[in-house]
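Visitor: what follows is a predicted protein model with its sequence.
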Amino acid sequence: MAKRQQFDVIIVGGGIAGASLAYFLGQAGIGKVLILERENQLAAHSTGRSAASISEYDENDVVLDLKILGSRFWRRPPEDFADHPPLTSVGVLSLFDVAGFEKLEGREGELRARGLEFELMRPDAVRAKVPALTFPGMGGALYAPQDGRLDVHGILQAYLRHARAGGAQMELGAEVLGLVHSQGRISGVRLRDREVEAGLVVNAAGAWASTVGQMAEARAVALQPKRRSLFTFAGPADVEFGNWPMVWSDPHEVYFVPEAGEMMLSPMDQVAMDPCDPSPDDETIAASLERLSELAPSLVPRSIRSRWSGLRTFAVDGAPVIGPDPDRKGFFWLAGQGGAGIETSPAYGQIAADLIVSGRSSRFEVSRLAPNRFPVTNAAETLAMARDSG
């Protein structure tokens, strides 16, 4: 009989969450780690279908603080982290109507105290930067010049390369069919061909995190996958748009950014779905183009060149779920990163590694992330809470 494999940590999910944790565990000297990815290729779901950007400003204060913490890593990564800089600072321009801008001005001091670096711009200055914008009711914009585009493929490969150098192993096509329960705790995972033991199992399964949590008989954390779509089209032929920043408009529910000689736009859709391989629908795209016509009519294309969707998974309060499960020993949550999984990965990867190694972290107030912040509910209540979350 073959000897049963044993690891210190098994990470269920080989996306950016699992990869970042493996990297930071390796930096902390924990190398006996196994990463299990159910797909036969990397970045098959949310990681590979993101907008590949960092936009630090966020209405959710927990996510805002994680973004600010993560951005420090992207601007000054370790010298040997990646072959190329992970961040290209093209700038992000977040637009507000009059009421929204007045509210933003009232928060200026607080946002700067949190560490957000930005400029407040009036409408004339905004239009000078992106002449295609009309937006008659614009109050102004928050401009973050250091934000921009992230090299998602390079980041994922860098995390995994360093993790492997520290001793971590990864298996593709390794679907977890169940978790091993022993004396009231989780002691491993069950794959198609074997069981693998570990001192800790980490749930970094993205849209499938609730399913893995149910396997563990863990706290019923309300998590809901939601579709987010993107598509590309030709930019205006008579305008040099390649140096424009990313433009984000909550009032119009769209954002767009130059992308390899084209324009990339998101309808900012948040359609609740069961875990799946999603795709955009024509109605969502058509509605977003109508909204774009109110924001920047000269950008509205005649045709779409490419389209895709991914699932972003949210807890009911919009903040990630990171920490040991309060009801099941040996089980750890690293889920619910919403739409900020790439940009915040250096923050939550380090926080999670701290908690696993020492049981605490000085980087962040971990109670804001802990799974025990949610009340104990039954399955029906949990599903309703997740679907109703914004």
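Guide: Received, thanks.

Visitor: pLDDT weak spots in the stretch 101-250 of the chain?
Guide: Along the stretch 101-250 of the chain, no part satisfies pLDDT under 70.

Visitor: how is this structure partitioned into domains?
Guide: Taking automatic domain parsing as the criterion, the chain consists of the domains 6-49+152-222+316-388, 92-145+225-310.

Visitor: mind putting those domains in TSV, distance to residue 64 and mean neighbour count included?
Guide: Just so you know, the C-beta spots here come from the backbone N, C-alpha and C atoms, and that holds for glycine as well. What follows is the domains of the chain, written out as TSV (distance: least, Cβ to Cβ, whole Å; neighbours: other Cβ atoms under 10 Å):
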stretch	distance to residue 64	mean neighbour count
domain 6-49+152-222+316-388	9	20
domain 92-145+225-310	7	17
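
Visitor: could I get those domains as TSV with distance to residue 79?
Guide: Shown next, in TSV, are these (distance: least, Cβ to Cβ, whole Å):
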stretch	distance to residue 79
domain 6-49+152-222+316-388	12
domain 92-145+225-310	23
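
Visitor: ok, which of those domains comes nearest residue 78?
Guide: Closest approach to residue 78 among those is made by domain 6-49+152-222+316-388 (8.8 Å; Cβ to Cβ).

Visitor: I'd like the distance from that closest one to the chain centre, please.
Guide: Chain-centre distance of domain 6-49+152-222+316-388: 13 Å, with Cα atoms, centre = their mean, to the nearest Å.

Visitor: then stretch 304-311?
Guide: Centroid separation between stretch 304-311 and its chain, computed with Cα atoms, centre = their mean, is 17 Å.

Visitor: send me it as PDB with only the CA atoms.
Guide: Coordinates of each C-alpha in stretch 304-311 appear next as PDB, following Å, rounded to 0.1, in the frame of the first residue of the first chain:
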ATOM      1  CA  ILE A 304     -17.800  44.200 -30.600                       C
ATOM      2  CA  ARG A 305     -14.500  42.400 -31.200                       C
ATOM      3  CA  SER A 306     -14.300  40.100 -28.200                       C
ATOM      4  CA  ARG A 307     -16.300  39.400 -25.000                       C
ATOM      5  CA  TRP A 308     -15.900  37.400 -21.900                       C
ATOM      6  CA  SER A 309     -17.200  37.000 -18.300                       C
ATOM      7  CA  GLY A 310     -15.900  35.800 -15.000                       C
ATOM      8  CA  LEU A 311     -17.400  35.200 -11.600                       C
END
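
Visitor: partner residues bridging the closest residue to residue 178 other than its chain neighbours?
Guide: Nearest residue to residue 178, sequence neighbours excluded (Cβ to Cβ, 6 or more residues apart in numbering): residue 190, at 4.1 Å. According to DSSP bridges, the partner residues bridging residue 190 are residue 178, residue 195.

Visitor: I figured residue 190 hits residue 174, correct?
Guide: No. The criterion here is Cβ atoms under 8 Å, and residue 190 misses it with residue 174 at 11.1 Å.

Visitor: what is in contact with these two at once?
Guide: Jointly contacting residue 190 and residue 174 under the rule Cβ atoms under 8 Å, 6 or more residues apart in numbering is no residue at all.

Visitor: what's the longest helix along the chain packed up against?
Guide: Longest helix in the chain by number of residues (criterion: DSSP state H): helix 98-114. With contacts defined as 3 or more Cβ pairs under 8 Å, 6 or more residues apart in numbering; DSSP states H and E, the packing partners of helix 98-114 are helix 61-75, strand 119-121, strand 138-144.

Visitor: helix or strand next in line after the longest one, which one?
Guide: Scanning forward in sequence from helix 61-75 by DSSP states H and E, the next helix or strand is strand 87-88.

Visitor: and that next one, which strands flank it?
Guide: Going by DSSP bridges, the partners of strand 87-88 are strand 148-150 (antiparallel).

Visitor: the very next helix or strand once past the strand it pairs with - contacts with which helices or strands?
Guide: Using DSSP H and E, the helix or strand that follows strand 148-150 towards the C-terminus is helix 152-165. Counting contacts by 3+ Cβ pairs under 8 Å, 6+ apart, helix 152-165 packs against helix 16-27, strand 33-37, strand 169-172, helix 345-358.

Visitor: these: which one's closest to residue 302?
Guide: Closest to residue 302 of the helices and strands packed on helix 152-165 is helix 16-27 (Cβ to Cβ; 35.0 Å).

Visitor: which one of the domains of the chain lies nearest to residue 73?
Guide: domain 6-49+152-222+316-388 (3.5 Å).

Visitor: ok so, going back, list of residues touching the longest helix of the chain?
Guide: 57, 64-65, 68, 96, 118, 120, 137-142, 250-251.

Visitor: spatially nearest residue to residue 216, not counting backbone neighbours?
Guide: Closest residue to residue 216 apart from its sequence neighbours, by Cβ to Cβ, 6+ apart: residue 331 at 4.5 Å.

Visitor: check contacts around that neighbour.
Guide: Neighbouring residues of residue 331 by Cβ under 8 Å, 6+ apart: 179, 185-186, 200-201, 203, 213, 216, 218, 324-325.

Visitor: so what's it bridging to?
Guide: Beta-bridge partners of residue 331, counted by DSSP bridges, are residue 201.

Visitor: quick one: the strands in the stretch 151-300 of the chain?
Guide: With DSSP state E, counting those that start in this stretch as the criterion, the stretch 151-300 of the chain has strands at 169-172, 178-182, 185-190, 195-203, 223-233, 246-249, 254-259, 262-266, 271-272.

Visitor: quick one: contacts for the nearest residue to residue 369 once chain neighbours are set aside?
Guide: Leaving out its chain neighbours, the residue that sits closest to residue 369 by Cβ to Cβ, 6+ apart is residue 322, at 4.1 Å. By Cβ under 8 Å, 6+ apart, residue 322 lies in contact with 333-335, 348, 351-352, 355, 366, 369-371.

Visitor: how close does the residue nearest to residue 130 when sequence neighbours are not counted get to residue 132?
Guide: Computed as Cβ to Cβ, 6+ apart, the closest residue to residue 130 that is not its neighbour in sequence is residue 244, at 5.3 Å. Remark: distance between residue 244 and residue 132 (Cβ to Cβ, to the nearest Å) = 8 Å.
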